[in-house]
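S.K.: Got a sequence here, can you model it:
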Amino acid sequence: MFWQEDPSEQDCEPTTDVVDILFTIDCKRLPVDHAHALSHALMQALPWFHKEVDAGVHSIYGAGSQNGWERPIHGTGSHLIISRRTKLTIRIRRERLDDLIQGLRGLTLDIVGCPLTIGEAKIRPLSKETTLFSRYIVCQDGEDEETFLARMALELHHLNVGVRKALCGKTTTLTIPDGGLQTRSLLLAGLSPTESLRLQISGLGPHRNMGCGLFIPHKGIDSVRK
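M.R.: Model (predicted):
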């Protein structure tokens, strides 16, 4: 016999000391593949940041292809046009909020020749949505989709997060100084609100300062399948 308790009854909600900080930015364009360059610039501005185990930097994705507009291909030679509504989002513990905001507000970063000026900050609590999406999760060498999903299921089990619906997406290579970092996207549905918070706080895998392993709310698995 198999018996699974309702996660909402057996789990205690994790503390929500981790939040997302949304900074306004003044930036005309960025390379589509800018994760490492952005991370490097932020680490130079905030020498303490890499020591924060719960911290992460969301890559600036921009709009996807729609209404006749084609998103530029992924790469350091292709550029995104950045709108005024685009934000720089950083995940951090509340106790580091003042250090983060004071260290970045008004600063201009050089992202591979593209100036990015950071403005005002706004706090956004983590979501309790039960469908989450990560655009980049680091793959292991020679890992196919089935092996990747099996490894993710094991890591989620260690976080006490149940796997009910999982959809593995396309692979993307992020440029790093010594080559390329192979990643896959992952969508998880059917989480409890508690599991959702726990996963957003913990993330999956390395390179959070490049946006890898960070989960964000998604509108639902049905739209992805369509």
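S.K.: Going by C-alpha atoms from here, please, whenever you check contacts or count neighbours.
M.R.: Fine.
S.K.: Shouldn't Gly106 be within a strand?
M.R.: No - under DSSP: H, G, I helix; E, B strand; the rest coil, Gly106 sits outside any strand and is assigned coil.
S.K.: Contact partners for it?
M.R.: 117-119 (Cα atoms under 8 Å, 6 or more residues apart in numbering).
S.K.: And it, its phi and psi?
M.R.: phi 80, psi 0 (degrees, to the nearest 10).
S.K.: Quick check: the gap between it and Arg91.
M.R.: The span separating Gly106 from Arg91 equals 19 Å under the rule Cα to Cα, to the nearest Å.
S.K.: Would you mind identifying the next helix or strand past the top helix by length along the chain?
M.R.: For the chain, the helix with the greatest residue count under DSSP state H is helix 145-158. Remark: after helix 145-158, the chain's next helix or strand is strand 165-176, criterion DSSP states H and E.
S.K.: Mind listing residues that contact that next one?
M.R.: By Cα under 8 Å, 6+ apart, strand 165-176 touches 33-36, 75-76, 136, 145, 149, 180-190, 221.
S.K.: Only the buried residues of the longest helix of the chain, if you could.
M.R.: 148-149, 152-153, 156 (16 or more other Cα atoms under 10 Å).
S.K.: Can you tell me which helices and strands it packs against?
M.R.: Taking 3 or more Cα pairs under 8 Å, 6 or more residues apart in numbering; DSSP states H and E as contact, there are no helices or strands that helix 145-158 lies on.
S.K.: Could you shift the numbering so residue one becomes 64, and keep it that way?
M.R.: Renumbered: residue one is now 64, and that last one reads helix 208-221.
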